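> coordinates only, no sequence provided:
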RNA sequence: GCCCUCAUCGUCUAGCGGUCCAGGACGCCGCCCUUUCAAGGCGGUAGCACGGGUUCGAACCCCGUUGGGGGCACCA
């Protein structure tokens, strides 16, 4: 769309500063400000029914008549709870984020005084996933994608995929491609975005520079943004001179520059950054996963929208694109939570100039942590999705596990399909606490999915791993296929990830097996091993019917009965001889598939090892 | 330092004021089954961070403390 359409200049710039004295370096905070901070302030408005104060269930496409669900939502959202008659209304010092606006009505923004226009979008849910293509794909990132996707799918909305490739130094085409590949691997299809297009494109920020320039110009024109010439050193010095902590950051001083002063700075050769004029209001929103969050007025300084060199910055570009793409629900990592007040302020300004149609709902997802409780680092190999893909995690198994990081489908259940997740997913039921990535559990969940795979499906998925090792052709020959299908049910239940098929099934697809040294030490060292091998060879050599039951009978007769040894000792050497390992699929079935010739050859070869050792 | 945020078994969670001496899953430990390894079956271990308040009643609501995490850029 043309961001220019509907541009209206509402307030003269002067008016915006009405209740700000024009003194230099007013500072964003006044003494005692921190004492007025309210945590999750009780914002009940007894004059409004609770239902009206919660985002309309219709907008979220939540089940309307599920009383329990409604109660749960109310719990998550203090603003949606019933008024407590014991709590004096006088404690409510601020009207909150404009509850009426949450019904989707677009209220005329009156900046810097009165209502702060947090307008909840009406209509169809639109979520987005907007990674920057720098390096590997992080599992936490993937979970964010999954939740956004599930939220859109659950509510019959639209899932938008946008690439934030504004950092030329770090972005690469390769990781861009990889990102698309990872999303597709997990089945997270997007309705608008790269390669599929859509009405709000382009979907790569590198192709949207003109838009940002235009929007920035309009913000300045409307008095929402202003040129700022202060260097960090100057801000610092002013803070210190005023006896304040320099860590407070920018002091909004350039808001009050006269044209003459600006001209003077330009003459010095300075090029200004553009900053957004932050409102003199508490910035509040009802977080989809955390309930009400409030930042005190003045605690967030005017922030930079556009660099001195004209390059737009992330905190500017991201909301602009969300606004233009009509995103209604922003689910993102909790690391972005502290920047949300700035975004909300920006949205108000964007709404004012007609670029945005209100403010989206925000939901800040908890961190995925690694060992300890630190956020899972990008440098931690455990955080790389490729590691799991390469090991042969199933997309459905991995998605299932990822979903469990912060969400649960039911009290007594944690295995489910992606489809089932979509049906049940409710963002407001996402837990706010950080979740440790637990490899053991991920494996257990995956193993369950692996076992549940139909045989043909299992074979199809395992073939690439076997083919990569040169064990089978791709596609497998008729004979290989026969063997695979026969062994699949037996292999499935002793595997956790697909790559394990290589070690487990290799012996079926080679002429001569290589015996693992540890296995040889354990099972082929004593003299009894030679005896066992000889007895097995004799029994099998003359077997008329080469079938699993016949093999079983013959071996039991020859070894357990004949030699009078325990099954454990009897079958150990045979297993190692046949498979080369101490762990294998069931023995008799394996031997049947291997055939008499190869089986006898391996018994002989193992006998050689046993006598030599 | 300031701001924000989180707090139930080792881990992920259920819990929405009485139905909870807290349920499930992973892990761990036993036992059964068994030709190995698994799978499966049965059983066990282990938790409401602390202190106040509200209430007839608190894991649940409020306040605080403590502890963890994150953010405070002309990075994204």
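Everything's here; your move. Treat the numbers as computed from the prediction; the structure is a model and nothing was measured.
> quick one, helices of the stretch 151-300 of chain A?
Taking DSSP state H, counting those that start in this stretch, the helices of the stretch 151-300 of chain A run over residues A:173-185, A:209-221, A:232-241, A:259-267.
> which one of those helices lies nearest to residue A:601?
Within the helices of the stretch 151-300 of chain A, the stretch nearest residue A:601 is helix A:173-185; the backing value is 41.2 Å (Cβ to Cβ). Heads up, the C-betas are built off the backbone N, CA and C, glycines and all.
> that closest one close to RNA strand B?
No. For helix A:173-185, no contact with RNA strand B is found by Cβ under 7 Å from any atom of the strand; the gap never falls below 11.9 Å.
> same deal with stretch A:373-389?
Yes. Using Cβ under 7 Å from any atom of the strand, we find that stretch A:373-389 touches RNA strand B at A:373, A:374, A:375.
> go on, stretch A:246-264?
Yes. Contact of stretch A:246-264 with RNA strand B is found when judged by Cβ under 7 Å from any atom of the strand, involving A:247, A:249, A:250.
> how far away is the second one from residue A:256?
Going back to what we said before, that points to residue A:249. Using Cβ to Cβ, to the nearest Å, residue A:249 is found at 17 Å from residue A:256.
> swap in the first one?
In this structure, residue A:247 and residue A:256 are separated by 23 Å, where distance is defined by Cβ to Cβ.
> over to the last one?
When distances are taken as Cβ to Cβ, residue A:250 and residue A:256 turn out to be 13 Å apart.
> same thing with residue A:592?
89 Å.
> quick one: the helices in the stretch 451-600 of chain A?
A:455-468, A:478-492, A:500-505, A:517-523, A:527-541, A:548-555, A:567-579, A:587-594, A:596-612.
> mind putting the ones you listed into a markdown table with distance to RNA strand B, mean pLDDT and mean neighbour count?
Below are those laid out as a markdown table (distance: least, Cβ to the nearest atom of the strand, whole Å; pLDDT from 0 to 100; neighbours: other Cβ atoms under 10 Å):
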| stretch | distance to RNA strand B | mean pLDDT | mean neighbour count |
| --- | --- | --- | --- |
| helix A:455-468 | 14 | 97 | 18 |
| helix A:478-492 | 8 | 96 | 17 |
| helix A:500-505 | 8 | 97 | 20 |
| helix A:517-523 | 9 | 92 | 16 |
| helix A:527-541 | 12 | 93 | 19 |
| helix A:548-555 | 6 | 94 | 18 |
| helix A:567-579 | 3 | 94 | 22 |
| helix A:587-594 | 3 | 96 | 20 |
| helix A:596-612 | 14 | 93 | 17 |
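> can I get those helices in CSV with distance to residue A:346?
Listed next are those as CSV, based on distance: least, Cβ to Cβ, whole Å:
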stretch, distance to residue A:346
helix A:455-468, 46
helix A:478-492, 52
helix A:500-505, 50
helix A:517-523, 62
helix A:527-541, 76
helix A:548-555, 70
helix A:567-579, 64
helix A:587-594, 65
helix A:596-612, 71
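> the ones you listed: which one's closest to residue A:345?
helix A:455-468 (49.3 Å).
> pLDDT weak spots in the stretch 1-150 of chain A?
Scanning the stretch 1-150 of chain A for pLDDT under 70 picks out A:1-120.
> now, of the helices of the stretch 151-300 of chain A, which is deepest in the fold?
Of all those, helix A:209-221 has the most neighbours on average by mean count of other Cβ atoms under 10 Å, namely a mean of 18.
> does that one pack against any helices or strands, and if so which?
strand A:225-228, strand A:273-276, strand A:304-306, helix A:314-324, helix A:340-352 (3 or more Cβ pairs under 8 Å, 6 or more residues apart in numbering; DSSP states H and E).
> in JSON lines: the ones you listed, plus mean neighbour count, mean pLDDT and distance to residue A:427.
Shown next, in JSON lines, are the helices and strands packed on helix A:209-221 (neighbours: other Cβ atoms under 10 Å; pLDDT from 0 to 100; distance: least, Cβ to Cβ, whole Å):
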{"stretch": "strand A:225-228", "mean neighbour count": "23", "mean pLDDT": "97", "distance to residue A:427": "32"}
{"stretch": "strand A:273-276", "mean neighbour count": "24", "mean pLDDT": "97", "distance to residue A:427": "28"}
{"stretch": "strand A:304-306", "mean neighbour count": "23", "mean pLDDT": "97", "distance to residue A:427": "29"}
{"stretch": "helix A:314-324", "mean neighbour count": "22", "mean pLDDT": "96", "distance to residue A:427": "17"}
{"stretch": "helix A:340-352", "mean neighbour count": "24", "mean pLDDT": "96", "distance to residue A:427": "16"}
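> need these in JSON lines with distance to residue A:454, can you?
Compiled in JSON lines, the helices and strands packed on helix A:209-221 are given as follows (distance: least, Cβ to Cβ, whole Å):
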{"stretch": "strand A:225-228", "distance to residue A:454": "59"}
{"stretch": "strand A:273-276", "distance to residue A:454": "56"}
{"stretch": "strand A:304-306", "distance to residue A:454": "54"}
{"stretch": "helix A:314-324", "distance to residue A:454": "41"}
{"stretch": "helix A:340-352", "distance to residue A:454": "46"}
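> out of these, which comes closest to residue A:515?
The nearest among the helices and strands packed on helix A:209-221, by Cβ to Cβ, is helix A:314-324 at 57.4 Å.
> for the closest one, packing partners?
Using 3+ Cβ pairs under 8 Å, 6+ apart: helix A:314-324 touches helix A:209-221, strand A:304-306, helix A:340-352.
> can you list contacts of it?
With contact meaning Cβ atoms under 8 Å, 6 or more residues apart in numbering, helix A:314-324 is reached by A:1, A:3, A:128, A:130, A:162, A:164, A:166, A:200, A:205, A:208, A:211-212, A:215-216, A:276, A:303-306, A:312, A:330, A:339, A:342-343, A:346-347, A:350-351, A:355-357, A:360.
> for ChimeraX, write the select line for the buried members of the residues of stretch A:246-264 next to RNA strand B.
Isolation of the buried members of the residues of stretch A:246-264 next to RNA strand B (16 or more other Cβ atoms under 10 Å) is achieved in ChimeraX through the command below:
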select /A:249,250
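> out of the residues of stretch A:246-264 next to RNA strand B, the closest to RNA strand B would be?
residue A:247 (3.7 Å; Cβ to the nearest atom of the strand).
> my read: residue A:205 touches residue A:166, true?
Yes. Using Cβ atoms under 8 Å as the test, residue A:205 is close enough to residue A:166 to be in contact (4.9 Å).
> ok, these two, which is more surrounded?
Legend: neighbour count by other Cβ atoms under 10 Å for residue A:205 and residue A:166, higher for residue A:205 (24 against 20).
> make CSV out of the residues of stretch A:246-264 next to RNA strand B and add pLDDT.
Compiled in CSV, these are given as follows (pLDDT from 0 to 100):
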residue, pLDDT
A:247, 87
A:249, 90
A:250, 94
